[in-house]
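>>> make a model of this:
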Amino acid sequence: MKWVPWSEEFCREFESVSTAAFLLAFCNGKGDMSKVKEHMKVLFTLGPPESGSGAIAAVAKEAINFDFLPSNISEDVSFQERVRQGFSEALYQGIDVFGGLPSVLVAVGEQFKQRSGQINIRPILSHPKALTRLVAGLLKSKLSRRLMVPKDIWNVKGIVGGGTDASIFKTRVQELWGKYPLEAYAGTEGGIYSIQTWDYEGMVFIPALNFMEFIPEDEYSKWQCDHSYQPKTVLLDDVEAGKVYELVITNLHGGVLARFRVGDLIRVIALKNEKLRVDLPQIIFESRADELIDIAGLGKLNERIVWQAIERTNIPYADWTARKEVLEDKPMLHVYIELKDNYIASEKGVAAAIYNELLKLDKEYNYNVYKVYGSPELVLGSKPVEVTFLPKDTFANYIAQRQAEGAPLGHIKPVHMNPSDKVISLLSTKSVQVREEQVVYETKAEVLSK
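Model (predicted):
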């Protein structure tokens, strides 16, 4: 396993853990192995081997001996083409299991749904299994009076999902694929940190790969105000239900990271799973602890990148704030911005301009985010940038209010990245609606030509 920054001993331990993750996705209870067999068919909807999801799939493949669809995975083939080829082979061979970012799994399922009426039936007429599978799927969809979805054709035995979108999209994954994704919390730095059990409730930490420490939320807040402050940590047996913590890991088995801050916040929802009698803390993934916003197809956006994109539109503004939100079942970069100089534009036009600049910045800085999933429009079916205009003097009034409350100087302005629901509520109290008859600028070129 030359493509991951782990020691040989770490890789051996990781193989056992990742195999267990896939087994948990198949089982209906403790010790259930009835669905497990060799040469199970896995639709490839994951990242490359050097990514966390790709590494999990690669080592599990070696341990369980399953088969990827498509059978020949080339690095030169785009993500969309790999999925298309995988679906084509799956008509003949079936699908047993797959995994990936839930938002991407939903997008893949929706793409199949929209293209279900375009399937060329001629090549499969001489293949009884494929023909039977397709005809049965068509009948199911007709009886349900809707377009055909993947669960009409395939009886998927297990799905493994992860990322910040896991809890948001699990219902949509089930509606399209017929099964809820088993949520795993993982990263390239330390492998798999935690995973759900067969009740699909809270996740349980896996202590075999890393020694774990936890920074309480109040300690993290102190560090946010003063980066020279050394936040205190607690251990797994000291965490409290209902509290939020930042995860800190030290690799075991010869790993290179010591007291590494992963940059994620987790919430402890219970100290044990009473139903399954698992006497370990149950957690959910809360959010990123830093200022990064991770959008499939756009990559991890920081304040500098988003600010540059806004600046390059040449649209006059007083201030802005942005965060990741889910709008119409799609993850979006939602920018809240206060325009100035009586500038007239549409929210859609400004969103398009910011999106275009983000794509240009991606090429300039060589992020290569397209190598894994392709462009955002292809993956998610839309441009993942939303804009909401804020009324004039919104930010000035917010600052005045915070000063009146006696807030410290460093806390009187709303943060640019990942503001809280409370901050958004205060900023959006009197949001401005632009009339349709006003001038609309759909691209940067049109904005500049004003």
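>>> from here on, contacts and neighbour counts on C-alpha atoms
OK.
>>> contacting residues around Leu7?
For residue 7 the amino acid is Ser, not Leu. 253-255 (CA atoms under 8 Å, 6 or more residues apart in numbering).
>>> which of those residues are buried? Put it as a PyMOL command.
Entered in PyMOL, the line below selects the buried ones among those, by 16 or more other CA atoms under 10 Å:
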select buried, resi 253+255
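>>> name the SS class of Lys232, please.
State at Lys232, reduced to three classes by DSSP: H, G, I helix; E, B strand; the rest coil: coil.
>>> contacts only, for it.
Lys232 touches 215-216, 219, counting by CA under 8 Å, 6+ apart.
>>> dump those into CSV; add neighbour count, secondary structure and pLDDT as well.
Compiled in CSV, those are given as follows (neighbours: other CA atoms under 10 Å; DSSP: H, G, I helix; E, B strand; the rest coil; pLDDT from 0 to 100):
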residue, neighbour count, secondary structure, pLDDT
Ile215, 21, strand, 96
Pro216, 21, strand, 94
Glu219, 17, helix, 91
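>>> Ile249: which of these is nearest?
Ile215 (11.0 Å; CA to CA).
>>> Val234 is in contact with that closest one, correct?
Yes: between Ile215 and Val234 a contact is recorded at 6.5 Å, counting by CA atoms under 8 Å.
>>> got a list of what Val268 touches?
So Val268 contacts 239-244, 281-284 (CA under 8 Å, 6+ apart).
>>> run the last query once more with 6 Å
241-243, 282-283 (CA atoms under 6 Å, 6 or more residues apart in numbering).
>>> that older thread, now the contacts of Lys232 as a markdown table including distance to Leu426?
A markdown table is the format used below for those (distance: CA to CA, whole Å):
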| residue | distance to Leu426 |
| --- | --- |
| Ile215 | 29 |
| Pro216 | 27 |
| Glu219 | 26 |
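>>> which one of those residues is nearest Lys61?
For the contacts of Lys232, the nearest to Lys61 is Ile215 (35.0 Å; CA to CA).
>>> separation between that closest one and Ile315?
Distance of Ile215 to Ile315, computed by CA to CA, to the nearest Å: 40 Å.
>>> repeat that for Ile424.
Taken as CA to CA, the span from Ile424 to Ile315 is 22 Å.
>>> for stretch 142-160, buried residues please.
Buried, per 16+ other CA under 10 Å, within stretch 142-160: 147-154, 156-160.
>>> just these now: which is nearest Lys348?
Leu147 (29.5 Å).
>>> so in the protein, where's the weakest helix or strand by average pLDDT?
Lowest on mean pLDDT, DSSP states H and E among the helices and strands of the chain sits helix 444-448, with a mean of 37.
>>> what bits of the stretch 351-450 of the chain have low per-residue confidence?
By pLDDT under 70, the low-scoring segments of the stretch 351-450 of the chain are 365-382, 408-411, 430-450.
>>> all helices for it, in order.
Along the stretch 351-450 of the chain, the segments classed as helices by DSSP state H, counting those that start in this stretch run 370-373, 376-380, 394-404, 421-427, 444-448.
>>> tell me the SS of Val42?
Per three-state DSSP, Val42 ends up strand.
>>> which parts of the stretch 51-200 of the chain are helices?
Along the stretch 51-200 of the chain, counting by DSSP H, counting those that start in this stretch, helices occupy 52-64, 79-93, 102-115, 128-143, 150-153, 166-177.
>>> how about those helices, which one is nearest Ile121?
helix 128-143 (8.0 Å).
>>> pull out the buried positions in the closest one.
Buried residues in helix 128-143, counting neighbours by 16+ other CA under 10 Å, are found at 130-134, 137-138, 140-141.
>>> and of those, the nearest to Leu182?
When the buried residues of helix 128-143 are compared against Leu182 (criterion: CA to CA), the nearest one is Gly137, at 24.6 Å.
>>> quick one: distance of stretch 413-422 to the chain centre.
20 Å (CA atoms, centre = their mean, to the nearest Å).
>>> in PDB, list the C-alpha atoms belonging to that stretch.
What follows is stretch 413-422, C-alpha atoms only, in PDB (Å, rounded to 0.1, in the frame of the first residue of the first chain):
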ATOM      1  CA  LYS A 413     -18.000  41.200  13.500                       C
ATOM      2  CA  PRO A 414     -19.600  38.000  12.200                       C
ATOM      3  CA  VAL A 415     -17.000  35.500  10.900                       C
ATOM      4  CA  HIS A 416     -16.700  35.200   7.200                       C
ATOM      5  CA  MET A 417     -16.800  31.400   7.200                       C
ATOM      6  CA  ASN A 418     -19.300  29.000   8.900                       C
ATOM      7  CA  PRO A 419     -21.400  31.500  10.900                       C
ATOM      8  CA  SER A 420     -23.800  30.000  13.400                       C
ATOM      9  CA  ASP A 421     -27.600  29.800  12.900                       C
ATOM     10  CA  LYS A 422     -28.000  32.600  15.400                       C
END
